[in-house]
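Q: dropping the sequence and predicted coords here.
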Amino acid sequence: PTSLFSHPYRMKFSYLALGFSLIAGLASAGRVLKEERKAAPRVWEEQGPVGQSPDENIKLTFFLKTEGRDALEQEFLERSNPSSPSYGKWLSNDEVHAMVAPSYEAVEKVTEFLSRFGEVNSKTSNSDIMEVVVSFELAEKLLDASYSTYKHQETGHKIHRTLSYSLPSEIDKYVALVGPTTRFPKPKQLKTSNSKRMIDGVGSYNTPANLRELYSVNDVLGGTAKDNNIQAVTAFLDQLYSASDLEKFWEKEFPAGADTPIKLVGDATTGRGGIESMLDIEYMPALGALNPTEFWGFSGSSPQDDADEPFLAWLTVVSNTTDAEVPKVFSTSYGEDETAEVPSDYADRINVEFMKAGLRGISLLFASGDSGSASDAGTCPNDRFMPMWPAGSPYVTAVGGTSGGKMPESAWGGSSGGYSDIFAAPDWQADVTLAYAELEDSDMPPASYFNKTGRGFPDIAAQAVEYPVVVNGLTTPVAGTSCACPCSSGIFGLLNDARLAAGKSSLGFLNPLLYANPEALNDVTLGVQGGCGRVSGFPAKQGWDAVTGLGSPNYEKLLEVVMKLQ
């Protein structure tokens, strides 16, 4: 009933579950198929139907369709444009949510429907994200789904997913996506060296000291802006944080970072450290030393916690964290094949979350991927290169990889990059990405393999090999764009520190600034990306290219640029 709430303010609805007798009609009611896939990815092995234990629940997250998307994007781009008088004038979280609030009718109808199953929790001030915790049996009735348990063949991680789901027509038009349902995460499998000389990290050349010298950071430390400048890494699927590993890393690799404040956020944080998670939490503060750093960990598993989709859980927490407490930079090593795995409706709604964050002055950096121009499985279906998501989103900064450990850098062959098949090149990059695509050099791949007018990625790059990482007490050499992303993110954390200490705003969405100032990055012109079979991937070239972007960050040059801005 409308008297129970006043949209768009935060609200919680608590109704009594009506029982199965009142929802039996769902099966015969008109339904709309939302998502369907033929099978799970090969690396996820089905273990059988989910058991119906009353102690094992699932947290269903509903992302509602929002209004005002065009206005959101216009403000997002205008305030991110370094040539605009509005540059850096970020909005508050409440202002952003007011701009994209779902309709009153949408909130009312979806809430009324979900309340038949349990207590509905609105996670944002405008109710564009709602959660309901139910048993798997109820979830299957609600979504007309069949949940099974799947085990990752390499990591052993278990998740619960369905291959299809639908919604009653009465609420389908208001809902963009529901999770966890058909999306299978891809745990990062970082490359490590088997060479005997690399045991315990001996020979790993991309130490904090080397990276700081390479990117002109040298002895610069952050922490001047204190709690106004939080930076964070994300971790999914039981990639956990180990305080003892970090302590040993500081002792062995970078003692100057030992006083960096560390805070844990999320439902899965401490335990036996993972390679991915420890890489992130060691190298972001190694470059952005002394800036308050947070470890945001989400498991996505049950029964310890209600099963959910960790990527959506992260976005939800970002969206409901106050402006004073939300990190100004996030480094995320998460990705999947774009066209094969990502429905456009799903991507469009997630892009709204990316823009909401950017308009608050938050920088989102994503590793571009480690499969070169191919899919995550190393293939090029239908003789086409495979773009990556969310690195290929026009609303985030994608970080590719380089190698060599010294200048001039060379493109790392595993660095994913290319052109989106879903999103067009935005204005801030369209000229340079098209110019590269139309090069007639003999080492360019066939034009039929990619969409030359699509969003080009990565945007920047950094060293992606031979990082000594302390995990479980031992130092392991690691490679991947998952190395490059926290390294770059820490540098932007330092730039934020300088601006905020001077009374300026955080940098927010980085790409328009970077593409307007390519001379502030180290251009990479050597090396080539891995391809498919006899077809090579994209080569590094002068200016932007689809393997290293604009190049690697030069802290001194970038500092000069950002301190001149309002």
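A: Yep, it's here. Numbering: from 1, shown residues only.

Q: residues touching residue 425, list them.
A: Each residue near residue 425 by C-beta atoms under 8 Å, 6 or more residues apart in numbering is listed here: 394, 419, 433, 434, 453, 454, 455, 456. Quick note: C-beta positions are derived from backbone N, CA and C, even for glycine.

Q: let me see the contact set for the fifth one.
A: With contacts defined as C-beta under 8 Å, 6+ apart, residue 453 is in contact with 419, 424, 425, 430, 434, 437.

Q: do the same with the second one
A: By C-beta under 8 Å, 6+ apart, residue 419 lies in contact with 385, 387, 425, 433, 437, 450-457, 546.

Q: same question, residue 488
A: 287, 331, 365, 399, 460, 462, 552, 553.

Q: tell me which element it falls in.
A: Take DSSP states H and E as the rule and residue 488 turns out to sit in helix 481-501.

Q: in that helix, what counts as buried?
A: Neighbour-count burial for helix 481-501, counted by 16 or more other C-beta atoms under 10 Å, picks out 481-500.

Q: most widely separated two among the contacts of residue 488?
A: Spanning the widest gap among the contacts of residue 488 are 331 and 552, at 15.4 Å by C-beta to C-beta.

Q: more neighbours: which of those two?
A: residue 331 (31 against 27; other C-beta atoms under 10 Å).

Q: in a helix, the more buried one, correct?
A: No: under DSSP: H, G, I helix; E, B strand; the rest coil, residue 331 falls outside any helix and is assigned strand.

Q: please tell me how far it sits from residue 231.
A: 8 Å (C-beta to C-beta, to the nearest Å).

Q: same question, residue 38
A: Taking C-beta to C-beta, one finds residue 38 at 40 Å from residue 231.

Q: what about those two, which has more around it?
A: Each of residue 38 and residue 231 has its neighbours counted (other C-beta under 10 Å); residue 231 has more, 28 against 6.

Q: buried residues in the strand or helix carrying residue 73?
A: Residue 73 is part of helix 69-80 when elements are defined by DSSP H and E. The neighbour-count check on helix 69-80 (16+ other C-beta under 10 Å) flags 69, 72, 73, 75, 76, 77, 79, 80 as buried.

Q: spatially central residue in the chain, please.
A: In the chain, the C-alpha closest to the average C-alpha coordinate belongs to residue 332, at a distance of 4.6 Å (C-alpha atoms, centre = their mean).

Q: in space, what's closest to it - neighbours in sequence excluded?
A: residue 234 (4.6 Å; C-beta to C-beta, 6 or more residues apart in numbering).

Q: give me the beta-bridge partners of that neighbour?
A: Beta-bridge partners of residue 234, counted by DSSP bridges, are residue 296.

Q: now for it, how many residues are close by?
A: Residue 234 has 28 neighbours, counted by other C-beta under 10 Å.

Q: what's the answer for the one 4 residues further on, then?
A: By other C-beta under 10 Å, 22 other residues sit near residue 238.

Q: equivalent analysis for residue 258, please.
A: 14.

Q: run through the strands of the stretch 401-550 of the chain in chain order.
A: 410-411, 418-424, 454-457, 460-463, 467-471, 474-479, 521-522 (DSSP state E, counting those that start in this stretch).

Q: quick one, which of these gets closest to residue 245.
A: Of all those, strand 467-471 sits nearest to residue 245, with 4.8 Å by C-beta to C-beta.

Q: what helices or strands is that closest one leaning on?
A: helix 243-253, helix 275-287, strand 474-479 (3 or more C-beta pairs under 8 Å, 6 or more residues apart in numbering; DSSP states H and E).

Q: from the chain's centroid, how far away is the second one?
A: The offset between the C-alpha centroid of helix 275-287 and the centroid of the whole chain comes to 16 Å, using C-alpha atoms, centre = their mean, to the nearest Å.

Q: packing partners of it?
A: helix 208-214, strand 231-236, helix 243-253, strand 293-298, strand 467-471, strand 474-479, helix 481-501.

Q: so which of these is nearest residue 280?
A: Using C-beta to C-beta, the nearest of those to residue 280 is strand 231-236, at 3.7 Å.

Q: coming back round to it: correct me, but the residue nearest to residue 332 touches residue 334?
A: Yes: Residue 234 is in contact with residue 334 according to C-beta atoms under 8 Å; the separation is 7.1 Å.

Q: just read off the phi/psi values of the closest residue to residue 102 other than its chain neighbours.
A: Of all residues not flanking residue 102 in the chain, residue 64 sits nearest, at 4.4 Å (C-beta to C-beta, 6+ apart). In terms of degrees, to the nearest 10, the main-chain angles of residue 64 are phi -80, psi 150.

Q: wait, what's in contact with residue 64?
A: Each residue near residue 64 by C-beta under 8 Å, 6+ apart is listed here: 102, 106, 107, 110, 127, 128, 129, 130, 174, 175, 176.

Q: quick one: it from residue 119, how far?
A: Relative to residue 119, residue 64 is positioned 17 Å away (C-beta to C-beta).

Q: can you check residue 486 too?
A: With C-beta to C-beta as the criterion, residue 486 and residue 119 are 37 Å apart.

Q: endpoint to endpoint, stretch 83-101 covers what distance?
A: Terminal residues of stretch 83-101 lie 29 Å apart, using C-alpha to C-alpha, to the nearest Å.

Q: pLDDT weak spots in this structure?
A: Low-confidence segments of the chain, defined by pLDDT under 70: 1-29, 52-55, 187-203, 268, 300-308, 340-341.

Q: you'd agree residue 140 is in a helix?
A: Yes: secondary structure assignment places residue 140 in a helix (three-state DSSP).
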